[in-house]
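Asker: Whatever this is, show me its structure:
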Amino acid sequence: MNISGSKEALSLKHTALIIALLLGIMWAIEIVDFVGIIGGLDHLGIHPRTQSGLWGIFRAPFLHGGWWHLSANSIPFAVLGFLVLLRGFPDFLGATLIIVVLGGVGVWLFGASRSVHIGASGLIFGYFSFLVVIGFLERSFGAILTSTLVIFLYGGIIWGVLPTTSHISWEGHLFGLLAGAVAARWLGKEKPGRG
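Answerer: Numbers count the residues shown, from 1 in each chain. As a prediction, this is how the structure comes out:
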């Protein structure tokens, strides 16, 4: 199954295996963090406007603030990541890199001072907006159906971009959402207008 019509589509089995592998890495890291063999890992996230915090851009999606945080991110990551991966591995890899880098840089530039940002939620918000914007750009049956399904299942997450709770990185949500839209614009195949 391929929702974009590209030739790079993976089988459903391989798509599920890639998502399972990424989730497995997240859970393995949380186990290491919980056991504390090498000390806490959460400090390795994004520290806004610090030189060392730049490396956190690439580590943050794999780090979580405990089992509840990881559990809350696992299902949306699996569902939305799976849907993006159905477009083909190149689109998945491109969208993921754009979301991680652009979203992370946004958090690094504009996040609260002396804060640490971790978790896959920025990536989740990015996948959400990527899939929604792709539906508007491509206007193919598969893309529109996927976009509608994503809005129906996860449309409520949009409220997560508001600064409502101090321990939740609304900046990560906001910049992930914006980066996902940019990724869709760069990677999508816009349908030519009528005229």
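Asker: Secondary structure element for the most centrally placed residue in the chain, which one?
Answerer: Taking CA atoms, centre = their mean, the centroid of the chain lies closest to Leu123, which sits 1.4 Å from it. If you go by DSSP states H and E, Leu123 is part of helix 121-138.
Asker: Isn't Trp27 up against His69?
Answerer: No. Using CB atoms under 8 Å, Trp27 makes no contact with His69, being 11.9 Å away. All C-beta atoms are positioned from the backbone trio N, CA, C, and that covers glycine.
Asker: quick one, what contacts Ile29?
Answerer: Leu41, Phe62, Leu63, His64 (CB atoms under 8 Å, 6 or more residues apart in numbering).
Asker: Report the buried residues of the longest helix seen in the chain.
Answerer: Across the chain, the longest stretch assigned as helix under DSSP state H is helix 12-35. Residues of helix 12-35 classed as buried: Thr15, Ile18, Ile19, Leu22, Leu23, Met26, Trp27, Ile29, Glu30, Asp33 (neighbour count, 16 or more other CB atoms under 10 Å).
Asker: I figured the second one hits Leu10, correct?
Answerer: Okay, so that is Ile18. Yes. At 7.3 Å, Ile18 and Leu10 qualify as touching, with contact defined as CB under 8 Å.
Asker: Could you name every residue contacting both of these two?
Answerer: The contact lists of Ile18 and Leu10 share Leu85, Phe89, where a contact means CB under 8 Å, 6+ apart.
Asker: circling back to that earlier point, could the contacts of Ile29 go into TSV alongside secondary structure?
Answerer: Below are the contacts of Ile29 laid out as TSV (DSSP: H, G, I helix; E, B strand; the rest coil):
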residue	secondary structure
Leu41	coil
Phe62	helix
Leu63	coil
His64	coil
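Asker: so where is this structure shaky, pLDDT-wise?
Answerer: 1-8, 37-39, 190-195 (pLDDT under 70).
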